[in-house]
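> here is my input, please return the structure:
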Amino acid sequence: MSDEINVSVLFVCMGNICRSPTAQGVFARLVEEHSLADIIEIDSAGTHAYHIGEQPDARASAAALNRGVDLSSQKARRVSPDDFERFDYVLAMDNDNYEILAASCPSGLESRLRLFLEFAPDLETREVPDPYYGGGSGFERVLDMIEQASAGLLAEIRQQHSL
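Modelled structure (predicted):
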């Protein structure tokens, strides 16, 4: 990690091919737009090993690319216990993944684990739905939610870390 990086964010879903890589891409673009890419490290991972080494789902990639977000350089990986020490924010996409992460979170680092949609208080839900088994509109809905939560997350990071 670079000496310049002050804050690190990890997005986590089940397989790391739909929601979390989309969040990584959307948040990375937002961070770049605010000239903070040298200060904020961003990654994503999955709680399950189903898709390790694979690129994001083609439908997620297409929906993101339609909004100017390129996910093609990403590869799925599984979350590791070290991630809780490496990342300041470990953000679960839903309650199931939150519970899986909470069960493996080292003592004293629980404050790093949160639901991503906590940063989008205007949304009526705290969970990003998994669009994997649905149609294309599910990926658009997920993007809308992720864009809103990303803006809230960046605002909190800027406030908490004086950026």
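> pull the number of nearby residues for E99.
As a burial measure, E99 scores 11 neighbours (other Cβ atoms under 10 Å). To be clear about C-beta, it is placed using only N, CA and C from the backbone, and glycine gets the same treatment.
> helix or strand for it, which one?
If you go by DSSP states H and E, E99 is part of helix 95-104.
> and the next helix or strand past that helix?
The helix or strand immediately downstream of helix 95-104 is strand 113-115, counting by DSSP H and E.
> note down every partner strand of that next one and its orientation.
Strand 113-115 has the following sheet partners, assigned by DSSP bridges: strand 89-92 (parallel).
> give me the buried positions along the partner strand.
By neighbour count with 16 or more other Cβ atoms under 10 Å, strand 89-92 contains the buried residues Y89, V90, L91, A92.
> with adjacent residues omitted, what lies nearest to the third one?
Spatial nearest neighbour of L91, chain neighbours left out: F116 (4.1 Å); criterion: Cβ to Cβ, 6 or more residues apart in numbering.
> buried ones in the host helix or strand of I146?
Per DSSP H and E, I146 falls inside helix 136-160. Neighbour-count burial for helix 136-160 flags 138-139, 142-143, 145-150, 152-154, 157 (criterion: 16+ other Cβ under 10 Å).
> ok, back up a step: can you report how many residues lie near the residue nearest to L91?
31.
> begin at 18 from here
Taking 18 as the first residue, the last one we looked at is F133.
> what's the pLDDT at it?
F133 is assigned 98 on the pLDDT scale.
> separation between Q176 and N114?
Going from Q176 to N114 by Cβ to Cβ, to the nearest Å gives 26 Å.
> these two touch, right, P73 and S37?
No: using Cβ atoms under 8 Å, P73 makes no contact with S37, being 9.0 Å away.
> ok, the two, which is more surrounded?
S37 (33 against 27).
> the helix or strand where that one lies - what's its average pLDDT?
Following DSSP H and E, the helix or strand that holds S37 is helix 36-50. Mean per-residue pLDDT for helix 36-50: 98.
> mean confidence for the next helix or strand after it?
Sequence-wise, the next helix or strand downstream of helix 36-50 (DSSP H and E) is strand 57-63. Averaging pLDDT along strand 57-63 yields 98.
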